[in-house]
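Trainee: how does the following fold in three dimensions:
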Amino acid sequence: MKLRALGRTGIRVSPITVGAWQLGGPLTLDGKPDGHPDPGEADVVRMIHELDERGVNAVDTAEQYSAGESERRIGKALEGRRDRWVISTKFGYRVGPDHTREDDSSPETILPSLEGSLKRLGTDYIDVYLYHCAPEPEQIEAGMAVLDEAKARGKIRAYGISTGQLPVLVSMVQRGAVEVLQFPSSLLDPRKDFWRIARDHDLGTQVRGVMAQGRLSGKYFGRQPRFGPDDNRSQWQRDVDFERYAVLADCLPEGTTMAQAAIRWTLDHPGCHTVCLGAKNIDDYRTALAAAEMPALDETVRIELERSAALLA
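Mentor: As a prediction, this is how the structure comes out:
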């Protein structure tokens, strides 16, 4: 699989990144589900090994995901393979006492979070280290000093932020605090301002949310999904009419699934370096890899998809 340069970082990534939120199992925060049903450690390890063999080299996780279990499983899967992989993880959101949600990315929390992630991942460096929750504006420079020192010591290679908040991104970019940007963008929510900023500042891009929380997966065009009580989507998606998005299928060329079109549409963006896909099974990743190897969408198809998606927004 052809690797892509991750902005100006010097890091090269596969067009598909394994999103690992769903790989650690259930988590409850403040009495609400904030994880996913457990796919099982053995299946996670087996899946990552197959993806390794297929040319995928990037994985994204966070200290909060399943209270660190996601990182631990990724570390186990990459034993003996670390030098072939790009690991991205995040700090700031974490699990507090009695499963309370803690949102704190202040400068003094960064190194303890980093050391915890390094230990769970079984590695001595992180390739991409991202703010998971935004720092206070007055703490950005102090946070940069900590992160730059970690870079100088070889503990991280690049840093940035995962955010869907444009003012936060603007504030951090103005201070030079972003090398890599993880952000949501999809056919249903293109986020043009994010793409423009990433281009203007030569940021590495990790694009998440390309399936629009399942709306673009195609799995639910003929039926409403049923999410279990331990699945965070049971809270987020309870009022979504998934079937209304089935009209997008009329825009697809023969032999292309909705999921592949959603991924290909994102990968075709000239500023896209990698798509973070939160799949739970190898079949969904095989579909994604097929999309990554497809030619760019025909312009007529792309225009029709965008027109139909705009009517659904």
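
Trainee: straight-line length of stretch 145-159, end to end?
Mentor: With C-alpha to C-alpha, to the nearest Å applied, stretch 145-159 spans 12 Å between its terminal residues.

Trainee: avg pLDDT for it?
Mentor: Stretch 145-159 carries an average pLDDT of 98.

Trainee: now stretch 254-273
Mentor: 97.

Trainee: and it, which residues are buried?
Mentor: 256-267, 269, 271-273 (16 or more other C-beta atoms under 10 Å). (Glycine included, C-beta is placed from N, CA and C.)

Trainee: out of these, who's nearest residue 142?
Mentor: residue 273 (28.5 Å; C-beta to C-beta).

Trainee: tell me the contacts of that closest one?
Mentor: Residue 273 is in contact with 4, 5, 6, 7, 13, 15, 204, 205, 206, counting by C-beta atoms under 8 Å, 6 or more residues apart in numbering.

Trainee: residue 224 now?
Mentor: Contacts of residue 224 (C-beta under 8 Å, 6+ apart): 241, 242, 243.

Trainee: let's see 10 Å
Mentor: Applying C-beta atoms under 10 Å, 6 or more residues apart in numbering, we find residue 224 in contact with 237, 240, 241, 242, 243.

Trainee: of those, which one scores lowest on pLDDT?
Mentor: Per-residue pLDDT puts residue 237 lowest of the contacts of residue 224, at 80.

Trainee: next, count neighbours for that one.
Mentor: 17 (other C-beta atoms under 10 Å).

Trainee: cool, and residue 245?
Mentor: 23.

Trainee: swap in residue 115?
Mentor: 12.

Trainee: pull out the buried positions in the helix or strand hosting it.
Mentor: According to DSSP states H and E, residue 115 maps onto helix 107-121. For helix 107-121, a neighbour-count test (16+ other C-beta under 10 Å) marks 107, 109, 110, 113, 114, 116, 117, 118, 120, 121 as buried.

Trainee: quick one: list the elements packing against it.
Mentor: Using 3 or more C-beta pairs under 10 Å, 6 or more residues apart in numbering; DSSP states H and E, the elements in contact with helix 107-121 are helix 69-77, strand 86-91, strand 93-95, strand 126-131, helix 140-152, strand 156-162.

Trainee: the residue at minimal distance from the centre of the chain pairs with what?
Mentor: With distances taken as C-alpha atoms, centre = their mean, the residue of the chain nearest its centroid is residue 276 (3.8 Å). On DSSP bridges, the residues paired with residue 276 through beta bridges are residue 17.

Trainee: OK, contacts around it?
Mentor: Residue 276 touches 16-21, 58-60, 88, 162, 182-184, 206-210, counting by C-beta under 10 Å, 6+ apart.

Trainee: quick check: residue 183 is in a helix.
Mentor: No. Looking at residue 183 with DSSP: H, G, I helix; E, B strand; the rest coil, it is strand, so not inside a helix.

Trainee: does it really touch residue 205, like I thought?
Mentor: Yes. With contacts counted by C-beta atoms under 10 Å, residue 183 reaches residue 205, the gap being 7.5 Å.

Trainee: what do those two both touch?
Mentor: 194, 195, 198.

Trainee: report how many residues lie close to the last one.
Mentor: So that's residue 198. Neighbours of residue 198 (other C-beta under 10 Å): 26.

Trainee: now the shared contacts of residue 183 and residue 205 in a markdown table, with distance to residue 25?
Mentor: Putting these into a markdown table (distance: C-beta to C-beta, whole Å) gives the following:
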| residue | distance to residue 25 |
| --- | --- |
| 194 | 31 |
| 195 | 34 |
| 198 | 32 |
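
Trainee: ok, so of those, who is nearest residue 220?
Mentor: Out of those, the member with the shortest distance to residue 220 (by C-beta to C-beta) is residue 194, at 26.4 Å.
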